[in-house]
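Asker: using only what follows, build the 3D model:
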Amino acid sequence: MPRTVEKPNNPIKNFKIIVAYDGTDFFGWQRQADKPTIQDELERILSMILNQDIKIHGSGRTDAGVHARAQVAHFHAKTRLTPDVIQKGGNSLMTSPIVIHDCRLADPDFHAQYHVRSKEYRYYILNREIPAAIGRDYLWHVKPSLNIDAMNQCCEYLVGEHDFKAFENTGSPRSSTVRTIYSASWTKKPYDRLEFCVCATGFLKNMVRNIVGTLKDAGTGRISPEMFNKILYSCKRPLAGATAPARGLFLHQVNY
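Answerer: Here you go, the predicted structure:
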């Protein structure tokens, strides 16, 4: 009798994906009951492709309305499908404004959140009297002329290891409010746009948007750079400026 050859079981693999998304119509990254989120949509599509229940782990949360150019996530799957097949299949089935830019095999112990070394966010302001007709979901329209030199003076105080409690909104679990910012600066861009770039070990809830709101106050002359520094060291959220709108914020890069 011919010998029966058993097919080997598919090994469990760890996949790393890099995802871009328009967060306008989503309630953030993390899955929520009865609300559309990036995590939910990705898990739904990947579960269809791989014919199994897929749970993904992102590098961190982004809030409702926040966008990403390069969010990183990982997931485990028992499959023979190659990363490029998974990427192409995911993008072909995706109807939401989410794109898988890269999919590759990762080390078995790679974790998208726990292995992050730094993250870079960018925030965009349209600084002119007339609002934008196109692209208004991706920037904050500020009418008063902003003093970018004063705002960059404030940014110098941000660099280094500090307690950023003054720029944290409540509602997110954390063991410490101390973070290290490696760089922070404003740059003028074409068409009356200002770009804020900030890179740090990590960020507290709404930290970037609260910093931007306070820097805007420095740009209008409402506070001085010295006052900004006092707000930072006060650790008191009520002293800082209003939270800037989510639509101008982009997760730009995650570094490992």
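
Asker: so where do the strands sit in the stretch 1-150 of the chain?
Answerer: Counting by DSSP state E, counting those that start in this stretch, one finds strands in the stretch 1-150 of the chain at the ranges 12-21, 56-58, 67-78, 98-105, 118-127, 140-142.

Asker: buried set for the fourth one?
Answerer: Buried residues in strand 98-105, counting neighbours by 16 or more other C-beta atoms under 10 Å, are found at Ile98, Ile100, Cys103. Backbone N, C-alpha and C define where each C-beta goes, glycine included.

Asker: burial measure for Asp95, as a count.
Answerer: Just to correct that, residue 95 is Thr rather than Asp. By other C-beta atoms under 10 Å, 7 other residues sit near Thr95.

Asker: check the spacing between it and His76 real quick.
Answerer: The gap separating Thr95 from His76 is 25 Å, by C-beta to C-beta, to the nearest Å.

Asker: pLDDT score assigned to the closest residue to Asp25 other than its chain neighbours?
Answerer: Residue nearest to Asp25 in three dimensions, not counting chain neighbours: Pro36, with 6.8 Å by C-beta to C-beta, 6 or more residues apart in numbering. Here, the pLDDT recorded for Pro36 equals 96.

Asker: for Pro36, what are phi and psi?
Answerer: Main-chain dihedrals, Pro36, degrees, to the nearest 10: phi -70, psi 130.

Asker: of the buried residues of strand 98-105, closest to Asp109?
Answerer: Set against Asp109, the nearest of the buried residues of strand 98-105 by C-beta to C-beta is Cys103 (18.5 Å).
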